[in-house]
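A.B. asks: quick check, what structure comes out for this input:
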Amino acid sequence: MGFMLRVRLASFFAGAAAAAAGGGYFLYKDYKLAHDSMALKVCPPPPLLLAWPRILDYCARIATGALVKGLQDSTDARYKALEKRLAALEGHQGTGAAPDASD
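C.D. replies: Numbers count the residues shown, from 1 in each chain. Okay, here's the model as predicted:
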């Protein structure tokens, strides 16, 4: 009886090892097929590489001062517009339309 148990256990483990080896082989083949398929596809370039010319153009405009001059012009225009609004507001208050709150 002990001999038959050992033979059956050995047979079971031999079958399990063969099944594991066969399954591992088929999984490896499937993995290699998928890997080769993905390697053949054309990958798009990364987004930074696509934006690189625009980044270089922006840096060149900063270096030449073109961008800074544009920012200064727009800032000056905003200050002038704010000064006009402030002057109009002060002129409106100077006519006595709204009395000042005093203690």
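A.B. asks: going forward, measure contacts between C-alpha atoms and count neighbours the same way
C.D. replies: OK.
A.B. asks: give me the phi and psi angles of Lys84.
C.D. replies: Backbone geometry at Lys84, expressed as degrees, to the nearest 10, gives phi -60, psi -40.
A.B. asks: ok, it - how many residues close by?
C.D. replies: By other C-alpha atoms under 10 Å, the residues close to Lys84 number 12.
A.B. asks: residues contacting it?
C.D. replies: By C-alpha atoms under 8 Å, 6 or more residues apart in numbering, Lys84 lies in contact with nothing.
A.B. asks: measure Tyr58 to His92 for me?
C.D. replies: If you measure Tyr58 against His92 using C-alpha to C-alpha, to the nearest Å, the figure is 44 Å.
A.B. asks: can you check Leu33 too?
C.D. replies: Leu33 is 80 Å from His92, by C-alpha to C-alpha.
A.B. asks: what's the answer for Trp52, then?
C.D. replies: Distance of Trp52 to His92, given as C-alpha to C-alpha: 52 Å.
A.B. asks: check Cys59 too.
C.D. replies: Cys59 is 46 Å from His92, by C-alpha to C-alpha.
A.B. asks: what do you get for Gly15?
C.D. replies: Distance of Gly15 to His92, given as C-alpha to C-alpha: 99 Å.
A.B. asks: same check, this time on Asp57
C.D. replies: Distance from Asp57 to His92, by C-alpha to C-alpha: 47 Å.
A.B. asks: next helix or strand past the lengthiest helix in the chain?
C.D. replies: Scanning the chain for the helix with the most residues, using DSSP state H, yields helix 2-40. Counting by DSSP states H and E, the next helix or strand C-terminal to helix 2-40 is helix 47-64.
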